[in-house]
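1. Build me a structure from this.
(one chain, ligands or ions: 1)
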Amino acid sequence: MQAFSESLFADGESTAQPASKRRERTRKTRVAPEEVIRIFAEEYRVLRPRAPMPQIEVRFRTFVSLNTTIRLREGKIFASLSDLLEGAPESVLRAIAHILLAKLYRKPIDKTHNLRYKRFQYSEAVARQTEHIRSTRGAKRWLGPEGRYYHLNEVFDALNERFFHNLLGRPDLTWSEHYARRQLGHYDAAHNTIVISKVFDRPSSPRYAIEYLLYHEMLHLKHPVKVRGTRRCVHGAEFRAEEKLFPQLAEATAFLKRL
Ligand SMILES: [Zn+2]
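-> This is a model prediction of the structure:
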């Protein structure tokens, strides 16, 4: 499966922008103000009434997407929020704090919080701000997400809901310009864009094949490429384990092999 993925997805670095420049851009973070830490601490207390309070670090990160992440390291919680959430209403910050902490501790996600965050995510204001940031940060032009038969944004949103608690920021999605058969899908980090081969935009393509291609690229959003020494680890163990969670993996890979 790994060898198959490697050949299927061209996950090489985009040559459009040097890696050093990208790193510089993604590294721009700011420590969140005390009141945000307080919100996280309060939501932690709600979820885990008796557990000792860990140290919590929250940062806002400048990037074009709404990606949010959380991890636990040596007993300390690190949360990274998109700068689009900076200045969001307290109820929204509380919702995202709850969702991230519930995810971290494998607790059920409260429906009200979930709905509140989702509404914020899709609200017009955020869309406008995202659009503005995109245009000022110079995104590349593509064919766009709307194909003749499938709309990639719609497929992405459904997968985001089903597998990622809506926590992945939607990058630009586009059908490829040409009917590429070698490179079926890839994530262009420099432009924060997922490109899916136009080969799949036809009625004979099962939806699960497109879902699988997008799901794979979404895992790349979730698990950024790690550099170990001079080796870049593209599909790490966590990545591969999570890829196996896709219910129609076998059907999808069989379909892609027949192409
Ligand atoms: Zn890949």
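
2. Ends of stretch 84-98, what's the gap?
-> In stretch 84-98, first residue to last residue: 18 Å (C-alpha to C-alpha, to the nearest Å).

3. Just the buried positions in that stretch, please.
-> The neighbour-count criterion (16 or more other C-beta atoms under 10 Å) identifies Leu84, Leu85, Ala88, Val92, Leu93, Arg94, Ala95, Ile96, Ala97, His98 as the buried residues of stretch 84-98. Just so you know, the C-beta spots here come from the backbone N, C-alpha and C atoms, and that holds for glycine as well.

4. Least confident secondary structure element in the protein?
-> Lowest on mean pLDDT, DSSP states H and E among the helices and strands of the chain sits helix 2-8, with a mean of 35.

5. Which members of the buried residues of stretch 84-98 occur in helices, if any?
-> Per DSSP state H, helices hold the following members of those: Val92, Leu93, Arg94, Ala95, Ile96, Ala97, His98.

6. in this protein, which spans are helices?
-> 2-8, 19-26, 34-47, 90-104, 111-122, 124-136, 152-164, 207-222, 237-243, 249-258.

7. Can I get the third one in CSV? Just the C-alpha atoms.
-> Translated: helix 34-47. Only the C-alpha atoms of helix 34-47 are listed here, as CSV (Å, rounded to 0.1, in the frame of the first residue of the first chain):
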residue,chain,number,x,y,z
GLU,A,34,-4.2,35.1,28.9
GLU,A,35,-7.9,35.1,28.4
VAL,A,36,-7.6,32.5,25.7
ILE,A,37,-5.5,30.3,28.0
ARG,A,38,-8.2,30.8,30.6
ILE,A,39,-10.9,29.6,28.2
PHE,A,40,-8.9,26.5,27.5
ALA,A,41,-8.3,25.8,31.2
GLU,A,42,-12.0,26.2,31.9
GLU,A,43,-13.0,23.9,29.1
TYR,A,44,-10.4,21.4,30.3
ARG,A,45,-12.0,21.5,33.8
VAL,A,46,-15.4,20.8,32.3
LEU,A,47,-14.1,17.7,30.5
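
8. Name the nearest residue to Lys76, sequence neighbours excluded.
-> Spatially, and ignoring its direct neighbours in sequence, Lys76 is nearest to Gln55 (4.4 Å; C-beta to C-beta, 6 or more residues apart in numbering).

9. The residue located most distally from the centre of the chain and Gly169, how far apart?
-> Computed with C-alpha atoms, centre = their mean, the residue of the chain farthest from its C-alpha average is Arg50, at 32.1 Å. Using C-beta to C-beta, to the nearest Å, Arg50 is found at 34 Å from Gly169.

10. how many other residues sit next to His113?
-> The burial count assigned to His113 is 19, neighbours taken as other C-beta atoms under 10 Å.

11. now it: how far from the ion?
-> As judged by C-beta to the ion, to the nearest Å, His113 and the ion stand 32 Å apart.

12. Go ahead and confirm that residue touches Ala95.
-> Yes. Counting by C-beta atoms under 8 Å, His113 touches Ala95, with 4.1 Å between them.

13. Overlap in contacts, those two.
-> Shared contacts of His113 and Ala95 (C-beta atoms under 8 Å, 6 or more residues apart in numbering): none.

14. Please verify my assumption that Leu100 contacts Asn67.
-> No. With contact defined as C-beta under 8 Å, Leu100 does not reach Asn67; the gap is 11.6 Å.

15. about what we covered before: show me the contacts for the residue farthest from the centre of the chain.
-> Contacts for Arg50 (C-beta under 8 Å, 6+ apart) come out as none.

16. how close does it get to Tyr44?
-> 12 Å.

17. Equivalent analysis for Thr253, please.
-> From Thr253 over to Tyr44 the distance is 40 Å, taken as C-beta to C-beta.

18. neighbour-wise, which of the two wins?
-> Taking neighbours as other C-beta under 10 Å, Thr253 and Tyr44 compare with Tyr44 leading, 20 against 17.

19. OK, contacts around that one?
-> The contact partners of Tyr44, by C-beta under 8 Å, 6+ apart, come to Met53, Pro54, Ile56, Ile77, Ala97, Leu101.
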